[in-house]
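>>> Return a 3D structure for these sequence lines:
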Amino acid sequence: MADVDAPDRSTEMAAEQLGGTVLDGGSCVVVDRHYEPHRSHGRRSIESCLPTIDAPIGLFDPRVTAHPGWCRRVVFFDIETTGLSGGAGTLAFLAGCGWFDDTGRFTVRQFFLAGPSGERPMLEALARVFDEASLLVTFNGRTFDVPFMETRWAFHRTEPPTGDLPHFDMLPPARRLWGRRDSARPAGEGCSLSALERRVLGFHRIDDVPGFEIPARYFQFLRTGDAARVDGVLEHNRHDLVSLAAVMSHALWLAREGPVACREPDEQFALGQVYERSGDLERAAGAYEMAAASGDATVAQPAWARLAVMHRRAGRHDEAAASWARVLETMPRGRRVPTPVEQHAIEALAIHHEHRARDLDRARGYAEALDAAVTGKRRLETERRLRRLARKQEGSERGRPAGLWHDPAES
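Down below sits the predicted model:
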């Protein structure tokens, strides 16, 4: 009698063509590739991507640092599926895992389904990899890869190994650092992993398989048994894993080194937001100041605005007013309609000069500029401010100290 667990000839041929071995128990091929420490991936070397315990990962996700040994064995994870619907008939036909060994070498282990019967052995093998992991790192895995795989474990009535495993999704930090000006960049230069590896790492793929072709190539393999149809898919997945490790490493390096390490003012501004969000206001101010000094109005204006807000919250009202004034100094000449951040600056200066500097003429000038720019409810508020300023100025001209004028409407 034939061994029901013995692989069929097509699985053995696929393993031979892909340079892998057949996993015991079904039609699943395991392919290992190793990347030596000195090898470069764009601007970064493989060994420089090794996560270390002092990496400021908590700036991006404080939940990770709740696990003191998070960097003991970081596993990078990415899957390729037969579709994005996630229905019962959708399979993750390729699951890739990557990790560093003690020498700094990066190992990529891929589980490829040569047939649907290999899914259960693949899930069992993945569970063994995850059981040894101290942190799982994905790119958009919190909303796709991990929930998708958990449905497959549930389908086979097994407990998912991801329940208690710390998970760091690199997509939200990438959007914070590099997603601010996506609309101003050429098509394809957004926050996809392939776009980030070009922009951030300086790495360019050659003859890469486009993502939309991947399911069709797998179905071609199932029809023909020719693993050459999917060899490029496995290479695509390997690139994704190495790039994920490199992009994460670069983000943590920037957060540690600070704005002086940034290549673009956009990065400096984004880093300031990361610091501010974590409560490190001193480093946030330094990053905003460097971004503001860039001369690029699209970055300088929001940088000065964030500095103004930080000064105001700290009670440094004169510094806040000076920062709001710098917002307006960067306003392009000839543009008559102020942007929302410029309107905010004008309003803040009107308030400052009315209530703190007691310079009613300047306050009225800012209020009139705002009145010409806004509509609706804000226009009504500005007109009310102008009437109040007029009464204050009238009282001052009659000998009343402007600072003691009381408008019942302000009560």
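
>>> Mind checking what secondary structure the residue nearest to Phe130 when sequence neighbours are not counted has?
Nearest non-adjacent residue to Phe130, counting by C-beta to C-beta, 6 or more residues apart in numbering: Pro161, 4.0 Å away. No exception for glycine: its C-beta is placed from N, CA and C like everyone else's. Secondary structure, DSSP: H, G, I helix; E, B strand; the rest coil: Pro161 is coil.

>>> and the gap between Pro161 and Thr90?
Note on Pro161: its distance to Thr90, by C-beta to C-beta, to the nearest Å, is 20 Å.

>>> So these two - more neighbours on which side?
Neighbours per residue (other C-beta atoms under 10 Å) separate Pro161 from Thr90, with Pro161 holding more: 21 against 16.

>>> Settle this for me: that one is touching Asp131, isn't it.
Yes: counting by C-beta atoms under 8 Å, Asp131 is a contact partner of Pro161 at 5.7 Å.

>>> Check which helix or strand the residue nearest to the spatial centre of the chain maps to.
In the chain, the residue lying closest to the centroid (C-alpha atoms, centre = their mean) is Ala174, at 2.1 Å. Assigned by DSSP states H and E, Ala174 belongs to helix 171-178.

>>> Tell me which other helices or strands that helix touches.
helix 193-199, helix 228-257, helix 265-278 (3 or more C-beta pairs under 8 Å, 6 or more residues apart in numbering; DSSP states H and E).

>>> Give me the buried positions along the second one.
Taking 16 or more other C-beta atoms under 10 Å as the neighbour-count basis, helix 228-257 is seen to contain the buried residues 229-252, 254-255.

>>> Without its sequence neighbours, what residue ends up closest to Val374?
Nearest non-adjacent residue to Val374 (C-beta to C-beta, 6+ apart): Thr382, at 6.0 Å.

>>> ignore the last one, Gln17
Ala227 (3.7 Å).

>>> Now do the contacts for that neighbour.
Met13, Ala14, Gln17, Leu18, Phe221 (C-beta atoms under 8 Å, 6 or more residues apart in numbering).

>>> Which single one of those residues is nearest to Arg333?
Phe221 (60.5 Å; C-beta to C-beta).

>>> does that closest one belong to a helix or a strand, and which?
Under the criterion of DSSP H and E, Phe221 resides in helix 214-224.

>>> Ala270: neighbour count?
Count around Ala270 with other C-beta under 10 Å applied: 25.

>>> cool, Phe93 as well?
27.

>>> ok, now Leu360?
Leu360 - counted by other C-beta under 10 Å - has 21 other residues nearby.

>>> Tell me where the stretch 151-300 of the chain is predicted with low confidence.
181-189 (pLDDT under 70).

>>> switch to 50 and redo it
182-184, 186-188 (pLDDT under 50).

>>> Tell me how many other residues crowd Asp131.
9.

>>> Likewise for Glu383?
Glu383, neighbours per other C-beta under 10 Å, totals 13.

>>> three-state assignment of it?
helix.

>>> tell me the contacts of it?
Glu383 touches Asp371, counting by C-beta under 8 Å, 6+ apart.

>>> Lys377: neighbour count?
When neighbours are counted by other C-beta under 10 Å, Lys377 comes out with 8.

>>> does it sit in a helix or strand, and which one?
Counting by DSSP H and E, Lys377 is found in helix 376-397.

>>> Kindly provide the whole-number mean pLDDT of that helix.
Over the span of helix 376-397, the pLDDT mean works out to 90.

>>> Please name the nearest non-neighbouring residue to Val247.
Val247 sits nearest to Leu196 (C-beta to C-beta, 6+ apart), 5.3 Å away.

>>> I'd say that neighbour and Arg175 touch.
No: using C-beta under 8 Å, Leu196 is not in contact with Arg175, being 10.1 Å away.

>>> Among those two, which residue is more densely surrounded?
Between Leu196 and Arg175, Leu196 has the larger neighbour count (other C-beta under 10 Å), namely 26 against 14.

>>> How about the contacts made by that one?
Neighbours of Leu196 in contact, by C-beta under 8 Å, 6+ apart: Ala174, Trp178, Ser243, Val247.

>>> next one: phi and psi at the residue lying closest to the first one once chain neighbours are set aside?
Leaving aside its chain neighbours, Ala174 sits nearest to Cys191 (5.2 Å; criterion: C-beta to C-beta, 6+ apart). Note on Cys191: backbone dihedrals following degrees, to the nearest 10 are phi -110, psi 20.
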